[in-house]
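> just need the structure, nothing else, for what follows:
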Amino acid sequence: MTHARHTVVAINPTARSGKGAGVGARVVECLGEAGFEVETVVGVDAHDLRDRLTHALRKDSTLVIVGGDGMVSLAVNLLAGTRHNLALVPAGTGNDFARGMGYPVDDIEACIELTLAAIRREPKSVDLAEVTGSHGARMVAGVVSAGFDALVNERANRMRFPRGHSKYTIAIFRELLALRPRDYEFTVDGVVSRIRAVLVSIANNSFMGGGMWVSPSSSIRDGTLEVFEVGPVSRRRLVRLLPSVFRGGHVNEPEVRIIGVANVRLDSPGVIAYADGERIGPLPVEVHVRPGALRLHTLD
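All right, here's what the predicted structure looks like:
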C-alpha cells in the first residue's frame, strides 16, 4: 500500500503543560526510524505556524500534528478541500477529536504507534462542519458548542491553574453557579423552531469539553451533523446528569434531545459559540456539513 513519504510534523510546544516539544521529538524520531522523510515545523504562535506549514507542505505531503484540539482546528482549516493528508498524535489538554477517533489519549506511546500504523494506510475522506457568521467562515472537525458547554470552554481557556484535563471539571462546577436556561432559535431546512435550553451543541464528532461524550452516535463519515440539546433543568438535576454525559448514558434522559441535520442556523442573544476548543464568535451562526472535505489517516 502506498503512502506519502514526505511528512511534515507540526508541534505545539506548549501542549501537555509544556511537554509538547518532547512528545514532538519522540514522534519525529519514530517517523525517521520508520523510513519517512520528516520535516519539523514549530511556530511562535498559531498564525506563524500556519504560515510555516503553508510553505512546508508539498503536493504529496502528510501533515502530522502533535497537540490538542486547537492544533486540529488549525490543521483542518489549512487542509480542507486539498489533497494533503492529515494524521495526529493527541498531545493536548482535551484531545476530544482524537477521543472520537478512538485514540487512548492517556497513553502517548500507544498513540504514536497507532499513528505510525495509520499513515502507512491510505487516508479516508471524512466530513467537516463549516461554521459561518460575523467571524467569517471556519471549518470544524468536532463539535460546535453554544450553551453551558461553551461557557465552560470559555472559563477553562481563561484558567491558568490547574493545568490539564481537571480544569474542565472545575470550570463545569463554577459555571453551575450561574446556570440559567436560554432562548434559542433554530432554522432547519427553512423551518424555524424555538426552544429553551441550558446546553446546545452541533456535533460532527462525538466528544467535547475534555471527554464529554455528548453525541455517541455521531460519525465523521455519515454526511450528517447532530444537534444535541439539554432542556431547562435545575442545578441539582444538571449535576446528576453531567456524569452520565461522560459515559454517553444521557441519551435516553427526558431533558435530552439529539436530532440529525445537514444544515442548521442557530441564534440566541449574547451567546458565544466555541468549536474544537476555540472561540468562534457570537451567534447567530450557520453550520453546514461538508461531506468528505478532509483526507484523514484513521485508525481503521
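> give me the three-state assignment for residue 291.
The three-state label given to residue 291 by DSSP: H, G, I helix; E, B strand; the rest coil is strand.
> report how many residues lie close to the closest residue to it other than its chain neighbours.
The shortest distance from residue 291 to any non-neighbouring residue, by C-beta to C-beta, 6 or more residues apart in numbering, is to residue 223 (4.3 Å). C-beta coordinates here come from the backbone N, C-alpha and C atoms, glycine included. Using other C-beta atoms under 10 Å, residue 223 has 13 neighbouring residues.
> does residue 223 touch residue 127 like I think?
Yes: contact criterion C-beta atoms under 8 Å: residue 223 and residue 127 qualify, at 6.2 Å.
> any residues in contact with both of these two?
Common neighbours of residue 223 and residue 127 (criterion: C-beta atoms under 8 Å, 6 or more residues apart in numbering): 289, 291.
> ok, back up a step: check contacts around the residue nearest to residue 291.
Taking C-beta under 8 Å, 6+ apart, one finds 127, 262, 289, 291 in contact with residue 223.
> neighbour-wise, give me the winner out of those residues.
residue 127 (22 neighbours).
> tell me which element it falls in.
strand 124-133 (DSSP states H and E).
> report the next helix or strand after the helix or strand bottoming out on mean pLDDT in the chain in sequence order.
Within the chain, no helix or strand scores below helix 15-18, which has a mean of 58 by mean pLDDT, DSSP states H and E. Downstream of helix 15-18, the first helix or strand assigned by DSSP H and E is helix 20-33.
> name the helices or strands packed onto that following helix?
strand 6-11, strand 37-42, strand 62-67, helix 108-119 (3 or more C-beta pairs under 8 Å, 6 or more residues apart in numbering; DSSP states H and E).
> looking at those, which is buried most?
Greatest average neighbour count among these goes to strand 62-67 (a mean of 28), per mean count of other C-beta atoms under 10 Å.
> mind giving me the packing neighbours of that one?
Checking 3+ C-beta pairs under 8 Å, 6+ apart, strand 62-67 ends up next to strand 6-11, helix 20-33, helix 69-79, strand 85-90, helix 108-119.
> report the rounded mean pLDDT for it.
With pLDDT averaged residue by residue, strand 62-67 scores 95.
> so what's the gap between that strand and the chain middle?
Strand 62-67 sits 14 Å away from the centroid of its parent chain (C-alpha atoms, centre = their mean, to the nearest Å).
> rewinding a little: wait, which of the helices and strands packed on helix 20-33 is closest to residue 188?
strand 62-67 (32.7 Å; C-beta to C-beta).
> and the contacts of the closest one?
Contacts for strand 62-67 (C-beta under 8 Å, 6+ apart): 3-4, 6-12, 15, 20, 23-24, 27, 31, 53, 57, 71-72, 74-75, 78-79, 84-89, 91-92, 115, 119, 123, 297.
> can you rerun that using 6 Å?
4, 7-12, 15, 23-24, 27, 71, 75, 84-89, 91-92, 119 (C-beta atoms under 6 Å, 6 or more residues apart in numbering).
> any idea what residue 185 is bridged to?
residue 194, residue 267 (DSSP bridges).
> who wins for proximity to residue 193 among the helices and strands packed on strand 62-67?
helix 69-79 (29.1 Å).
> angle of that closest one against helix 20-33?
Interaxial angle of helix 69-79 relative to helix 20-33 (axes from the mean of the first three to the mean of the last three C-alpha atoms, to 10 degrees): 50 degrees.
> can you list the weak-confidence ranges in the stretch 201-300 of the chain?
The model of the stretch 201-300 of the chain has no residue with pLDDT under 70.
> which residue ranges of it form helices?
Per DSSP state H, counting those that start in this stretch, the stretch 201-300 of the chain carries helices over the ranges 235-247.
> and stretch 21-29, which residues are buried?
Within stretch 21-29, the residues that count as buried by 16 or more other C-beta atoms under 10 Å are 21, 22, 23, 24, 26, 27, 28.
> list of residues touching that stretch?
By C-beta under 6 Å, 6+ apart, the list of residues contacting stretch 21-29 from outside reads 9, 11, 13, 38, 40, 66, 89, 91, 108, 112.
> now that stretch: mean pLDDT?
91.
> and what of stretch 72-92?
On average, stretch 72-92 scores 95.
> do the same with stretch 43-51
89.
> which residues sit against that stretch?
By C-beta under 6 Å, 6+ apart, stretch 43-51 touches 52, 74.
> show me what counts as buried in that stretch.
Using 16+ other C-beta under 10 Å as the test for burial, stretch 43-51 gives 43, 49, 50.
> okay, and the beta partners of residue 272?
residue 282.
> roughly how far does it sit from residue 292?
Remark: distance between residue 272 and residue 292 (C-beta to C-beta, to the nearest Å) = 30 Å.
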